[in-house]
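Undergrad: For reference, the sequence and a predicted model appear below.
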Amino acid sequence: MKTNKIFRILAALALTIATPIASFASNATVNGLAPGIINDQRYNRAIHIMAMLLVGFGFLMVFVRKYGRSALTATFLLVSTSIPIYIFAKGMGFLGDHVSEEIDKLIFAEFGAASLLIAAGAVLGRLKMPQYILLGILFIIFYMFNEWVVLGGGLGLISAGTVIDTGGSIVIHAFGAIFGLGVALTMTTKQEFEKTIETDANSDRFSMLGSMMLWIFWPSFCAALVTPDQMPHTVVNVIIALCGSTIATYLFSVSLRKKVSIADIANAALAGGVAIGSTCADASHTVALIIGILAGGLSTFGFAVIQSKQQKWMKLIDTCGVTNLHGLPGLMGGLAALPVIHGLNMGSQLSGIGITIVIAIFAGIITGKILPIMGRKSEAYEDADEFLDAE
Amino acid sequence: MKTNKIFRILAALALTIATPIASFASNATVNGLAPGIINDQRYNRAIHIMAMLLVGFGFLMVFVRKYGRSALTATFLLVSTSIPIYIFAKGMGFLGDHVSEEIDKLIFAEFGAASLLIAAGAVLGRLKMPQYILLGILFIIFYMFNEWVVLGGGLGLISAGTVIDTGGSIVIHAFGAIFGLGVALTMTTKQEFEKTIETDANSDRFSMLGSMMLWIFWPSFCAALVTPDQMPHTVVNVIIALCGSTIATYLFSVSLRKKVSIADIANAALAGGVAIGSTCADASHTVALIIGILAGGLSTFGFAVIQSKQQKWMKLIDTCGVTNLHGLPGLMGGLAALPVIHGLNMGSQLSGIGITIVIAIFAGIITGKILPIMGRKSEAYEDADEFLDAE
Amino acid sequence: MKTNKIFRILAALALTIATPIASFASNATVNGLAPGIINDQRYNRAIHIMAMLLVGFGFLMVFVRKYGRSALTATFLLVSTSIPIYIFAKGMGFLGDHVSEEIDKLIFAEFGAASLLIAAGAVLGRLKMPQYILLGILFIIFYMFNEWVVLGGGLGLISAGTVIDTGGSIVIHAFGAIFGLGVALTMTTKQEFEKTIETDANSDRFSMLGSMMLWIFWPSFCAALVTPDQMPHTVVNVIIALCGSTIATYLFSVSLRKKVSIADIANAALAGGVAIGSTCADASHTVALIIGILAGGLSTFGFAVIQSKQQKWMKLIDTCGVTNLHGLPGLMGGLAALPVIHGLNMGSQLSGIGITIVIAIFAGIITGKILPIMGRKSEAYEDADEFLDAE
């Protein structure tokens, strides 16, 4: 397999810029609480995030027709590839050994896996199983690079800690969505473009299960690494933002389409969680509600109106509509920090957003050039292509 | 929309009786543990409760035929309406700003949402989506009023803290069920009465998923606000009561019906959790087991024998049978405190139960008169009425 | 019913050897943290384990054709029977009152329920509901006996605390699987052997839900009772082992079968969790990855190659393939301690494994002789045999 070779080249390239940098994650003792307490608090959030990764993202992606087994297996493979690579790479000092606590390292690895699942959503149904593994390997390297540059002061472009992105609107959601678009841009075939991905109406309840699992545990995602003092305000903000986007999604969906689309509900209801990411520890509850409502409206508008135009204009298929759920609300969330957070370094925040967009699009395009090495099919895959006894 | 007007009238009415009352919730430091520790312990339970609200109640209600999308979307809307209203209203000092900690406020809001979902279960399938939002607004105001009167010393009827209802048998379960009956009493049409709600046999596994999610996290619901010292005994009591009601449900279902009804299992197995609510921190494990067995038997008897008689007698349809799962076991749980808890103020406990019944029935009837302002349909709704591409 | 009589005989027999033995579980204060903190940390893991028991095991077993209601109801009954018996028996000093904290007692009871569900998986579809209850009663007594002998120093065979089995590779997984084989050995009828259990292709997504729930919460299972200092390393080891077995399962499934079997993915992906059980607190991350990969490969090889041979050779049907998921990886995990753990008492470890095998097989065979007292059917059960309105 050529994968090994590519991986070795990329690893060599990346290791040349790997240096131990100053810690930007927390020390173990936080707000005067012992490590045995802090670690356990974070551990519970790490498990909540794992539920989001597997059941949340996995089942949200089950809506593609005759692709349920593939979507769930791909989720398993993407998570199982990316998390150990992140943990082992950090353990070897790759791109700054900035995380001293094991649980914190696990949470950062899960953040990477979340971003990867978002990226994969853009090309879902158009990769075969071994390509998801290769996608996981390539993605996580680029993701770590962007994380290091934007949050860790890598390459000296942005001072470490000056970009505010507590819950990852920018480096997780927007990065993953734009990376996915980059891959889709390169890989979308003419046949796929003519014959859009069919959805499976019977899977609506499974998709809603995935959506609800994401909704439920989203506060733990955003508050995973905040201090105990900040936690209560942060989690209530996230819940209020999600409530706002859920109500807004219903109202926009019924207004724009006459009848409600269950896909809008399952997806855009979560946009409040995406958009509150950067400011969740700092916004007031009222501002959180407003951000949530705007994000739900924006995302539903994206699904109902922008998506079909985008496909024609950009000549690409975004299978799960990650542009609308993670891309636009993620950028909105990153920009929301400008008016909301007092004392923000605006230059850093804008640079962080800009650099993330640039790295994500280039990395996605490069990955989209590499993946077809393992083969490509002109039409979408079905379970029967790779699974026994599939319908 | 007339909703706004009604909301304003009710809000004005309620605000006239809003006064800051003495705290009945905990101070932050409990059993000598710092706020950063207590808040996190309660946060985990708040997330567990959220899993109950969305996946638990949502999927338990998926059994109505061709109404899966509607039931899940209604769950989303009910939760997203009631939680922010509760949090913002308490923040503004509405009906006593008795909760100082944000996480505690969130848990109280979730309790209100749970009670609302119970109430909605009684009329499930007979409201359209915007009516669920209006139901959420109206319900949460009445719920807060009852909570304030029964637990918070509101109107001076019952001394604050003298009604024992740790896990909400009375103010959450019985209140929600009776409120729902009140709405159903007013709203049940002749056509609905003649043509009962059809169930969807294929949804049995989804219903069991909802049921199991409620079962799993029920200990966190009951122990959400107890002290760390009380927690272990409380949660083991809840689990033992649920085990008792689960076994009893199987035995009663097979005895009363010859064959087992999966609806009995999915619903009545939870009755132990409902009935142990008032006494979960105080009962012995043996008493918890007895309460669980009795509640499971009572609830199964309700579903198998009482429900059809109740519908004829009261001339109403209780879609999800909330009378049997939450109403009767809830009242039983509240009354169980009389023999079980030493030093109980029996007058207060009985008054609390009585007042809850009265407020719930009147509030439900009023709400049942208001909801049809937004329209009404003589027959049950189906997904296809409001959702795109529904079967 | 004869069940009562049998239960009384067994209880009497067992009580003769019941003596209070020295504590082998933790004291409340661990690593200098107060009981109110330790109990809450363990409580969260107890709830995670409950999610594994009900949704995890329950839905993983839904794959048998027309047996979904039965599998889920059986799960409910098995859990509800075994947990209270364990807790009340320990409370009465049965086989050593070694657990002082209530939450620890709950976790030990859940471990027993997990082992019981594994055992039941071997004979799933061939018991009727009341027989699952009887199975639960008989199993939990034998399980407590083995636990007492292997971990608690019972009968003086092995010094307490010298067998290393933190996450239960030996006493939970291997014991349950071998016990189940013992029951299957006695109970498999000729008809069942000729007509294998049919699987339900439509249930693949429910099985994957069960599998993912087990995967997500497995770290809490293994780390339930470790000290706060050990927790971070332990949980990361478990996650790395699961990632390893997930990737290995995909690679072995596609290699051995040409196309991927979704049943392999749903089951063997978990083998890393089973096999890391004994050494999870001690192995390095690299060793954890190796154990996970080997376990995933072994388990997939078991499902793809060994299972059909085993059925012919042993003349038994193992419905869920517990031999391959829990039996072989469990034994492998127990043996992995020999090279991995420094200062291990090898004699104790090997004795623990050997005694577990002997007790499990005899207990299973005895149970397989007792269960048919309540009747037996020559062919597999379907939902319609015991449930109303089933297909």
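TA: All right, it came through fine.
Undergrad: For the rest of this, base every contact and every neighbour count on C-alpha atoms.
TA: OK.
Undergrad: I'd like to know how many residues surround whatever residue of the stretch 201-350 of chain A ends up closest to chain B.
TA: Going by C-alpha to the nearest C-alpha, chain B is nearest to residue A:243 of the stretch 201-350 of chain A, at 4.2 Å. By other C-alpha atoms under 10 Å in any protein chain shown, the residues close to residue A:243 number 31.
Undergrad: quick check, it in a helix?
TA: Yes - with DSSP: H, G, I helix; E, B strand; the rest coil as the criterion, residue A:243 is part of a helix.
Undergrad: Residue A:365 contacts residue A:188, correct?
TA: No - counting by C-alpha atoms under 8 Å, residue A:365 stays clear of residue A:188, with 11.6 Å between them.
Undergrad: Residues of the stretch 101-250 of chain A that sit close to chain C?
TA: The stretch 101-250 of chain A comes close to chain C at residues A:102, A:103, A:106, as judged by C-alpha under 8 Å from any C-alpha of the partner chain.
Undergrad: So which of these sit within helices?
TA: A:102, A:103, A:106 (DSSP state H).
Undergrad: Enumerate every residue touching the last one.
TA: Taking C-alpha atoms under 8 Å, 6 or more residues apart in numbering or on different chains, we find residue A:106 in contact with A:46, A:83, A:87, C:236.
Undergrad: ok, now the first one?
TA: Going by C-alpha under 8 Å, 6+ apart, residue A:102 touches C:232, C:233, C:236.
Undergrad: at 6 Å what do you get?
TA: Neighbour list for residue A:102: residue C:232 [criterion: C-alpha atoms under 6 Å, 6 or more residues apart in numbering or on different chains].
Undergrad: Would you mind measuring from it to residue C:229?
TA: Distance, residue A:102 to residue C:229, by C-alpha to C-alpha, to the nearest Å: 11 Å.
Undergrad: Spell out which residues of chain A are next to chain B.
TA: A:216, A:228, A:232, A:243, A:259, A:260, A:261 (C-alpha under 6 Å from any C-alpha of the partner chain).
Undergrad: Which one (most neighbours) among those residues?
TA: For these, neighbours tallied by other C-alpha under 10 Å; top is residue A:243, 31 neighbours.
Undergrad: Pull the contacting residues for residue A:238.
TA: Residue A:238 neighbours (C-alpha under 6 Å, 6+ apart): residue A:219.
Undergrad: Name the residue closest to the centre of chain A, please.
TA: residue A:115 (2.9 Å; C-alpha atoms, centre = their mean).
Undergrad: That one and residue A:175 touch, don't they?
TA: No - at 7.0 Å, residue A:115 does not count as touching residue A:175 under the criterion of C-alpha atoms under 6 Å.
Undergrad: State the mean pLDDT of stretch A:151-171.
TA: Across stretch A:151-171, pLDDT averages out at 94.
Undergrad: from the stretch 51-200 of chain A, which residue is nearest to chain C?
TA: Closest point on the stretch 51-200 of chain A to chain C, by C-alpha to the nearest C-alpha, is residue A:80, at 4.2 Å.
Undergrad: Show the pLDDT at the spatially closest residue to that residue that is not a sequence neighbour.
TA: Nearest residue to residue A:80, sequence neighbours excluded (C-alpha to C-alpha, 6 or more residues apart in numbering or on different chains): residue C:243, at 4.2 Å. With respect to pLDDT, residue C:243 scores 98.
Undergrad: now do residue A:360
TA: As predicted, residue A:360 sits at a pLDDT of 98.
Undergrad: Would you map the helices across the stretch 251-391 of chain A?
TA: Counting by DSSP state H, counting those that start in this stretch, the stretch 251-391 of chain A has these helices, from start to end: A:262-268, A:271-275, A:285-301, A:307-314, A:322, A:328-340, A:346-370, A:383-386.
Undergrad: Would you mind getting the angle between the fourth one and helix A:285-301?
TA: Looking back up the chat, that one is helix A:307-314. Taking axes from the mean of the first three to the mean of the last three C-alpha atoms, to 10 degrees, one finds helix A:307-314 and helix A:285-301 inclined to each other by 70 degrees.
Undergrad: for helix A:307-314, the distance to its chain's centre please.
TA: Centroid displacement of helix A:307-314 relative to its chain, using C-alpha atoms, centre = their mean, to the nearest Å, is 21 Å.
Undergrad: Next, the buried residues of it.
TA: Within helix A:307-314, the residues that qualify as buried are residue A:307, counting by 16 or more other C-alpha atoms under 10 Å in any protein chain shown.
Undergrad: for the longest one, same thing?
TA: Within helix A:346-370, the residues scored as buried using 16+ other C-alpha under 10 Å are A:346, A:348-350, A:352-353, A:355-357, A:359-368, A:370.
Undergrad: What is the helix or strand harbouring residue A:51 packed up against?
TA: Element membership for residue A:51 (DSSP states H and E) is helix A:35-51. Under the contact definition 3 or more C-alpha pairs under 6 Å, 6 or more residues apart in numbering or on different chains; DSSP states H and E, helix A:35-51 sits against helix A:204-222.
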